[in-house]
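**Student:** Based on what follows, work out the 3D shape:
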Amino acid sequence: MRSLASFLRSTLIGGVVFLLPFGILAIVFGKLFSIAHRIGDELHARLFPGQAGDALPLVFAILILLALAFAAGVVARTALGGRIFAWLERTILINIPLYAVFRQTVSDMAGGSDTIAADADTEVVLVRLDDQAQLGFLVGRREDGTGVVFLPSAPSALSGSVVLIAPERIEATKLTPAEVVQGMRRLGAGFAKLKRR
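**Tutor:** Here you go, the predicted structure:
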């Protein structure tokens, strides 16, 4: 009974942690869309006075959001934009748990496009323990070579533990963070074909 309660509690917490970033993203996107929709309504009223309709303001709102995203991407590619983002990453984003994993996952889904500094990349490794091995995210190395590894759990890769592992117990893989997150969600399905370097 106690193990069932523990399982339910940990699964519930893992689910909340997993859904939280998507909820934040939905709130931010909803707010941006609301602002863009108001601008689209205003544009529609000025360009087509007296003409009713919901489709055209919606199209304007979507175009405005796409233009803003493109403009932000252009700024992010400039030296000034890179410095601003690097400052945000160092001072704010680094304090968000698993930010690097999310960033790399989004980058992988976008086909490898990455506007963030290369040294922030998250490498997927296989950690050899006494009688088992576990996939993890290598998030850093200490001066003595010891790896700082986040070991994700299933079904939510957003919960897990951080361990310090001797370098000889860390093996590189060809997996991406996105593949690990998806595999954890499927309780390990697909990991049987683990690719090693």
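
**Student:** The nearest residue to residue 81 once chain neighbours are set aside: which element?
**Tutor:** With sequence-adjacent residues excluded and distances taken as Cβ to Cβ, 6 or more residues apart in numbering, residue 81 is closest to residue 75, at 4.1 Å. Heads up, the C-betas are built off the backbone N, CA and C, glycines and all. Take DSSP states H and E as the rule and residue 75 turns out to sit in helix 55-77.

**Student:** tell me what that helix is packed against?
**Tutor:** Using 3 or more Cβ pairs under 8 Å, 6 or more residues apart in numbering; DSSP states H and E, the elements in contact with helix 55-77 are helix 2-47, helix 79-91.

**Student:** ok now the last one, how far from the chain's centre?
**Tutor:** With Cα atoms, centre = their mean, to the nearest Å as the basis, the distance from the averaged C-alpha position of helix 79-91 to the chain average is 18 Å.

**Student:** Show the average pLDDT along that helix.
**Tutor:** Per-region confidence: helix 79-91 scores 76 on mean pLDDT.

**Student:** now the angle between helix 55-77 and that helix, please.
**Tutor:** Taking axes from the mean of the first three to the mean of the last three Cα atoms, to 10 degrees, helix 79-91 and helix 55-77 form an angle of 90 degrees between their directions.

**Student:** what's residue 153 in contact with, if anything?
**Tutor:** With Cβ atoms under 8 Å, 6 or more residues apart in numbering as the criterion, the residues that contact residue 153 are 14, 159, 160, 161, 184.

**Student:** surely the second one meets residue 181?
**Tutor:** No: contact status for residue 159 versus residue 181: not in contact, 11.9 Å apart, counting by Cβ atoms under 8 Å.

**Student:** residues shared between the contacts of those two?
**Tutor:** Common neighbours of residue 159 and residue 181, using Cβ under 8 Å, 6+ apart, are residue 152.

**Student:** so where's this structure uncertain?
**Tutor:** 1-2, 6-7, 10-11, 13-22, 24, 53, 89, 93-121, 157-158, 193-197 (pLDDT under 70).

**Student:** Outline the domain layout of it.
**Tutor:** Structurally, the chain divides into domains by automatic domain parsing as follows: 2-111, 120-193.

**Student:** Could you measure from residue 131 over to residue 31?
**Tutor:** Counting by Cβ to Cβ, to the nearest Å, the gap between residue 131 and residue 31 amounts to 50 Å.

**Student:** okay, these two: which has more neighbours?
**Tutor:** Taking neighbours as other Cβ atoms under 10 Å, residue 131 and residue 31 compare with residue 31 leading, 10 against 5.

**Student:** and residue 67, which of the helices and strands packed on helix 55-77 is closest to it?
**Tutor:** Of all the helices and strands packed on helix 55-77, helix 2-47 sits nearest to residue 67, with 9.3 Å by Cβ to Cβ.
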